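Trainee: How does the following fold in three dimensions:
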Amino acid sequence: MTQRALVVGATGIIGSTLTRTLLEAGWGVHGLARRPQALVAGVQPISADLTDAAATRVALADLAPSHVFITTWSRQANEAENIRVNSAMVRHLLDALGPQGSLRHVALVTGLKHYLGPFEAYAQGRMPATPFREEQPRLDVENFYYAQEDEVFAAAARDGFHWSVHRPHTVIGMAVGNAMNMGTTLAVYASLCKASGRPFYFPGSAAQWNGLTDMTDARQLARQLLWATQTPAAADQAFNIVNGDVFRWSWMWSRIAQWFELEPAPFDGQVRPLEQQMADDAPRWAELAAAHDLAEADITRLVSPWHTDADLGRPLEVVTDMAKSRRLGFLDYQPSDDAFFDLFAQLRAARLIP
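Mentor: Purely as a prediction, here's the structure:
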C-alpha cells in the first residue's frame, strides 16, 4: 500500500528534514507551508490557512493522506492565545481530513515544554524530576502542547487512526525564517564575534554551563517519526526523542568556538543574554553579508535570540530519558557536537554564514 504523507510545517527545521527522510524512503509527500517555494524538491505543495476551518476543508478536499505529521505551531502573545490558536489549527486539520477515511497514523511533534511548562511559566515552580520520562503526569498549568495532544486524541477516537507524540529537546537543523533556531543563532553570533573581535561569551546560566543536558538533531527526530509509523508497538504512544548523548555547555561551548576558530571568553557566572548582545547587530550582519556575498542579509530571518536565551538561561539541569522507545527497538544515535558541526557546514555551503 502506498504511503502518502502530509507534513504540516514542511519548510521548518523539523518538517524539511522529515520530508527528505520520507522521500528517501519512497513515500509520496505533500507539504503544507506558508512559503511553498522553499519546499524540498519532490514535495507536492499545499497551501492552507489552518486557522480558518472552512478554508482548510476546501484546501484539503482532494487530499487523502495515509499519514499526517504535525511539525509546526503558531506563536501568539500569551499562552491562552497559544492554546486557542494552536488547538484550533490541529482540530481544523483533522476535521478536514477525517471524512476521507484515509488516515492511518497522525504524529504530533511537541517538546520538553511538556515537562517544563509554557513560556509564561517556563521552568518555574515545582518541576518533575530529571531525566524527564513520558509517564510523568502533565503539569498543573495550561499548556498549548496539552491542548494539541487532546485534539489528536479526540480525532483518533472518532476516526479510528493511530497516533504518536514526539517530544524533542532543542532541535538542531537547517532552516531559514524559523522561530526557534539555536544552531543558526549561535552560528551567526560566532560569525559576528569572529568578524568584529568581540568576546565569544556564553550567554546563559551557571546551571546550564555546569549541568548536564542533551539536544535533538532534526535527522534523529525524523528517523523516530518514520520508525513510529512502521512499528506496531509504537502506536498510540508518546516518546521523548534526543540524540542519545549528554554534555555540559562548558565543553560544548569550546567545541563550537573551535569550529569557528575562536577563543571562548571565560565564563564568570554572569548571564549575558543574546537578545541584549545582538540587539544592534542587524546593520553589522548586513555589512558582513555584503562583504562575503551571503544569501541572507536580514539577520531576523536567521536568528532567534529569545529562544536561545530561554534554553541556555534555564536555572535547572535538563536531561531526557529515551528508554521507552529504545525498549521498542529505536536505537539510533547522533553525537550532538557533530549535529552542530554538520549544521555549520551546511550553513556555510548555502552561503548563510561566512
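Trainee: can you list the residues that contact the host helix or strand of S250?
Mentor: Assessed by DSSP states H and E, S250 sits inside helix 249-259. By C-beta atoms under 8 Å, 6 or more residues apart in numbering, the surrounding residues in contact with helix 249-259 are 186, 190, 200, 202, 204, 208-210, 213, 263-264, 267, 312, 336-337, 340-341, 344. No exception for glycine: its C-beta is placed from N, CA and C like everyone else's.
Trainee: elements contacting the lengthiest helix in the chain?
Mentor: Scanning the chain for the helix with the most residues, using DSSP state H, yields helix 79-97. With contacts taken as 3 or more C-beta pairs under 8 Å, 6 or more residues apart in numbering; DSSP states H and E, helix 79-97 sits against helix 53-59, strand 67-70, helix 144-159.
Trainee: For it, could you pull out the residues that count as buried?
Mentor: Residues of helix 79-97 classed as buried: 79, 82-83, 85-97 (neighbour count, 16 or more other C-beta atoms under 10 Å).
Trainee: List the buried residues of stretch 68-78.
Mentor: 68-73.
Trainee: I'd like those laid out as JSON lines, including distance to R126 and pLDDT.
Mentor: As requested, the buried residues of stretch 68-78 are exported to JSON lines (distance: C-beta to C-beta, whole Å; pLDDT from 0 to 100):
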{"residue": "V68", "distance to R126": "35", "pLDDT": "98"}
{"residue": "F69", "distance to R126": "33", "pLDDT": "98"}
{"residue": "I70", "distance to R126": "29", "pLDDT": "98"}
{"residue": "T71", "distance to R126": "30", "pLDDT": "97"}
{"residue": "T72", "distance to R126": "30", "pLDDT": "91"}
{"residue": "W73", "distance to R126": "25", "pLDDT": "92"}
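Trainee: Just give me the closest of the residues you listed to E149.
Mentor: Of all the buried residues of stretch 68-78, I70 has the smallest distance to E149: 10.6 Å, by C-beta to C-beta.
Trainee: OK, contacts around the closest one?
Mentor: 8-9, 90, 93, 106-109, 148, 152.
Trainee: Which pair of those residues spans the longest distance?
Mentor: G9 and V152 (14.9 Å).
Trainee: re earlier: for the helix holding S250, output the C-alpha coordinates as CSV.
Mentor: Extracted in CSV, the C-alpha atoms of helix 249-259 (Å, rounded to 0.1, in the frame of the first residue of the first chain):
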residue,chain,number,x,y,z
TRP,A,249,27.8,23.5,27.8
SER,A,250,31.2,24.2,29.4
TRP,A,251,32.5,21.5,27.0
MET,A,252,30.2,22.2,24.0
TRP,A,253,30.9,26.0,24.0
SER,A,254,34.6,25.4,23.5
ARG,A,255,33.8,22.8,20.7
ILE,A,256,31.7,25.4,18.9
ALA,A,257,34.4,28.1,19.4
GLN,A,258,37.0,25.7,17.9
TRP,A,259,34.9,25.2,14.8
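Trainee: Just the buried residues out of the contacts of helix 249-259, in ChimeraX syntax.
Mentor: Only the buried entries of the contacts of helix 249-259 go into this ChimeraX selection, using 16+ other C-beta under 10 Å:
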select :186,190,200,202,204,208,209,213,264,267,312,336,337,340,344
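Trainee: Let's see which of the contacts of helix 249-259 end up in strands.
Mentor: Members of the contacts of helix 249-259 lying in strands (criterion: DSSP state E): T213.
Trainee: For the stretch 1-150 of the chain, give me the ranges with low pLDDT.
Mentor: 1, 123, 125 (pLDDT under 70).
Trainee: And for the stretch 251-354 of the chain?
Mentor: Within the stretch 251-354 of the chain, no range satisfies pLDDT under 70.
Trainee: where do the helices sit along it?
Mentor: 274-277, 282-292, 305-312, 323-327, 336-349 (DSSP state H, counting those that start in this stretch).
Trainee: buried stuff in the fourth one?
Mentor: So the one you mean is helix 323-327. Buried, per 16+ other C-beta under 10 Å, within helix 323-327: 324-325.
Trainee: now stretch 241-248
Mentor: Neighbour-count burial for stretch 241-248 [16+ other C-beta under 10 Å]: 241-244, 246-247.
Trainee: Same question for stretch 223-233.
Mentor: Residues of stretch 223-233 classed as buried under the neighbour-count rule (16+ other C-beta under 10 Å) are 223-229, 231.
Trainee: tell me the average confidence for that stretch?
Mentor: Average pLDDT, stretch 223-233: 97.
Trainee: In the stretch 101-250 of the chain, what residue spans correspond to strands?
Mentor: 105-109, 162-168, 171-172, 212-213, 216-217, 237-241, 247-248 (DSSP state E, counting those that start in this stretch).
Trainee: now A25, nearest residue through space, not along the chain?
Mentor: In space, and not counting its chain neighbours, A25 is closest to L226: 6.3 Å by C-beta to C-beta, 6 or more residues apart in numbering.
Trainee: Who are the contact partners of the one you found?
Mentor: 18, 21-22, 25.
Trainee: try L60
Mentor: 46, 48, 93, 96-97.
Trainee: ok, now with 10 Å
Mentor: 6, 30, 32, 46, 48, 50, 92-93, 95-97, 100 (C-beta atoms under 10 Å, 6 or more residues apart in numbering).
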